[in-house]
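1. how would this look folded up:
(4 chains)
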There are 2 protein chains.
Amino acid sequence: MSQDGVGVDLETSLGYLLKEASSTLRAAMEEVLRPLGLSVTRYACLELLAQRPGLSNSELARGAFVTRQSMNVLLQALEREGYVTRPAEAPVGKVLPTRLTPRGRRSLEKATVAVRSVEVRMLAGMTETEQSDAFRILRRMIHSLRDGNDGS
Amino acid sequence: MSQDGVGVDLETSLGYLLKEASSTLRAAMEEVLRPLGLSVTRYACLELLAQRPGLSNSELARGAFVTRQSMNVLLQALEREGYVTRPAEAPVGKVLPTRLTPRGRRSLEKATVAVRSVEVRMLAGMTETEQSDAFRILRRMIHSLRDGNDGS
DNA sequence: TGACTCATGTCAGCATTCTGACATAGGTTG
DNA sequence: CAACCTATGTCAGAATGCTGACATGAGTCA
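-> Okay, here's the model as predicted:
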């Protein structure tokens, strides 16, 4: 049907499928996080802070795949709502290390349960081998896109 | 490091990796599309119309993974700029079939070249087997998330 | 036919994320 | 030391996408 060399066939495009998968996952996560008053990005931020306390705004931004400006407004909101704390002045340089408050930790615990259920559902239809294949392949795609090795 | 049962370990989370891959791909596409005055969503819309002329607003929205409201404003912009046309009145029902203009088609051609280069780069580091594995696995993930088969 | 349900197009308001810009801290190099 | 480069935090404005809401057209069913 009219794909005579013109155009990227979306039905067979891995990029398109990747976008679909990511979009579907995001929707599933938003759905279970919404009742908890969290968005996916907010959850990602809290989870990052739980695993590596003291991360800076810019580090959190890179970890959540948004700009540091976006993470900044997000952090200001989280701080205002009492989920995280940042020192008023930087202990060294300009970097403000961020930490979870007890309230942030409690909220994250509930969110983690919800998110884990989504991840379990996603993995349910896959064998162990497929899961490790998925890891390897996705990592390779990321690496190729970043370092621009086009095989030349 | 501090993941004693609490939290989803982001380093080993397939969902996180999927988000990273999708984010990296999107950035790479935005980069090559920007000089052409197109965003990823606009490009997706044009590509869909090239492959299936006459798609409606809602169908385009589903194909580009945005709401029909978002696609509506996008289509209005594309129409204003002369990339697509829609009849003033619906030939049947409320559905307005959209079509590319010659200008839209020309713009899409350049965009397709750019996007294809990104896709090629992404696939460069993968064998044929890995590519078909990636397809199968991503499709399975999408299906599991949508139909909610949690293995119970 | 009339009531009901569903999908669609569209408007309005809000939330989120982005780009652009600036000042500042730290490291590097002449 | 001074010039330079990079990274960071932050503000402002614009672009983008979402939810809520409404009216309308088409199909279904009693």
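2. and the pLDDT at the residue most central in space within chain A?
-> Chain A has residue A:64 as the residue nearest its centroid, 4.6 Å off, counting by CA atoms, centre = their mean. Residue A:64 carries a pLDDT value of 97.
3. residue contacts, it?
-> Residues in contact with residue A:64 (CB atoms under 8 Å, 6 or more residues apart in numbering or on different chains) are A:41, A:44, A:45, A:48, A:71. The way it works is simple: take the backbone N, C-alpha and C, and place the C-beta from them, glycine included.
4. tell me which of those residues fall in strands.
-> Judged by DSSP state E, the subset of these located in strands is empty.
5. out of the residues you listed, who's near DNA strand C?
-> Intersecting the contacts of residue A:64 with the contacts of DNA strand C gives residue A:41 (criterion: CB under 7 Å from any atom of the strand).
6. and which of the contacts of residue A:64 is nearest DNA strand C?
-> Closest approach to DNA strand C among the contacts of residue A:64 (CB to the nearest atom of the strand): residue A:41, at 3.6 Å.
7. you'd agree that closest one is up against residue A:77?
-> No - counting by CB atoms under 8 Å, residue A:41 stays clear of residue A:77, with 10.7 Å between them.
8. in chain A, which spans are strands?
-> Going by DSSP E, chain A shows strands at A:84-85, A:99-100.
9. could I get those as JSON lines with distance to residue B:36 and mean neighbour count?
-> Formatted as JSON lines, the strands of chain A follow (distance: least, CB to CB, whole Å; neighbours: other CB atoms under 10 Å in any protein chain shown):
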{"stretch": "strand A:84-85", "distance to residue B:36": "40", "mean neighbour count": "18"}
{"stretch": "strand A:99-100", "distance to residue B:36": "43", "mean neighbour count": "18"}
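10. what about the residue in chain A positioned nearest to chain B, distance to residue A:104?
-> Closest residue of chain A to chain B, CB to the nearest CB: residue A:22 (3.6 Å). Counting by CB to CB, to the nearest Å, the separation of residue A:22 from residue A:104 is 26 Å.
11. mind checking the longest helix of chain A?
-> The helix spanning the most residues in chain A, taking DSSP state H as the definition, is helix A:102-124.
12. what about that helix, near DNA strand C?
-> No - judged by CB under 7 Å from any atom of the strand, helix A:102-124 makes no contact with DNA strand C; its nearest approach is 14.2 Å.
13. do that helix and chain B meet at all?
-> Yes - Helix A:102-124 reaches chain B (CB under 8 Å from any CB of the partner chain) through A:108-109, A:112, A:115-124.
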